[in-house]
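Novice: Using only what follows, build the 3D model:
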Amino acid sequence: MRHLKKNNHLSRTSSHRKAMLSNMASSLIIHKRINTTLAKAKALRSYVEPLITKSKDDSTNSRRVVFSYLQNKEAVSELFRDISVKIANRPGGYTRILKTGNRLGDNAEMCMIELVDYNENLLSEKEDKKVKTTRRRRSSGKKKDDEPKAKAVEPSEKKVENKIDEKTEVKEEQKPIEPKTESEDSESADEKVAE
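Specialist: Numbers count the residues shown, from 1 in each chain. Okay, the predicted model is just below:
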């Protein structure tokens, strides 16, 4: 059973894994988007999202805690100065993982991990789209009074009567087709030749 074994060791020792995740988190914060394998991206997401949440509270203590993880002054200042302002209203889910296919050499699943609020293409598409309202079925309990029903029935009866009248008129207009005799056929053929 895998109880309490939720973190991926990524085939590395503890110190190597911590250093790698720290460097990847710093790169993600500075560049806003990095390409990596899917397993590393999932491990990085659980590593960096709590740090981004800590950046919402700009205090000396939270800066020191984040610095103890990142060990990079530029990344910490970028996180607290720019990123925390953009993600202030977002309740978690600061990163997005987009799969990009498999790597040629070892067929590893590759992906791009990015900060959600810094993808300008998706943000501009979102603004362009109009907000659609959901259409719901009208329930049977909200029907109108009986009077409109009676009015609705009368026009339909008139339509039926009109259709019947139209059918009879069409039948009257049509004449029964009489078979042509041979003499009439020869006359019509002579007329065609004359033309």
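Novice: the bottom helix or strand of the protein by mean pLDDT?
Specialist: helix 146-173 (a mean of 54; mean pLDDT, DSSP states H and E).
Novice: Low-confidence ranges, this protein, go.
Specialist: Along the chain, segments meeting pLDDT under 70 span 130-133, 140-195.
Novice: could you pull out the helices for it?
Specialist: In the chain, the segments counted as helices under DSSP state H are 14-31, 38-54, 60-70, 73-78, 84-86, 120-128, 146-173, 182-194.
Novice: list the buried ones in the third one?
Specialist: Going by neighbour count (16 or more other Cβ atoms under 10 Å), the buried part of helix 60-70 is 62, 63, 66, 67, 69, 70. The C-beta positions use only the backbone N, C-alpha and C, and glycine is treated the same way.
Novice: for the second one, same thing?
Specialist: Across helix 38-54, burial judged by 16+ other Cβ under 10 Å covers 38, 40-45, 47-48, 51-54.
Novice: so what does that helix touch, helix or strand wise?
Specialist: On a contact count with 3 or more Cβ pairs under 8 Å, 6 or more residues apart in numbering; DSSP states H and E, helix 38-54 meets helix 14-31, helix 60-70, strand 95-102, strand 109-115.
Novice: and that helix with helix 14-31, angle?
Specialist: Computed by axes from the mean of the first three to the mean of the last three Cα atoms, to 10 degrees, the angle separating helix 38-54 from helix 14-31 equals 70 degrees.
Novice: quick check: angle from helix 38-54 to strand 95-102?
Specialist: 170 degrees.
Novice: which residues are contacting helix 38-54?
Specialist: Outside helix 38-54, the residues within contact range by Cβ atoms under 8 Å, 6 or more residues apart in numbering are 7-8, 10, 17, 20-21, 24-25, 28-29, 36, 62, 65-66, 69-70, 79, 83-84, 87, 92-95, 97, 99, 108-111, 113.
Novice: Tell me the buried residues within these.
Specialist: Here, 16+ other Cβ under 10 Å leaves 17, 20-21, 24-25, 28-29, 36, 62, 66, 69-70, 79, 83-84, 87, 94-95, 110-111, 113 buried among the contacts of helix 38-54.
Novice: Run through the residues that contact residue 29.
Specialist: By Cβ under 8 Å, 6+ apart, the contact set of residue 29 is 48, 70, 75, 78, 79, 83, 115.
Novice: quick one: the third one and residue 51, what's the gap?
Specialist: The gap separating residue 75 from residue 51 is 9 Å, by Cβ to Cβ, to the nearest Å.
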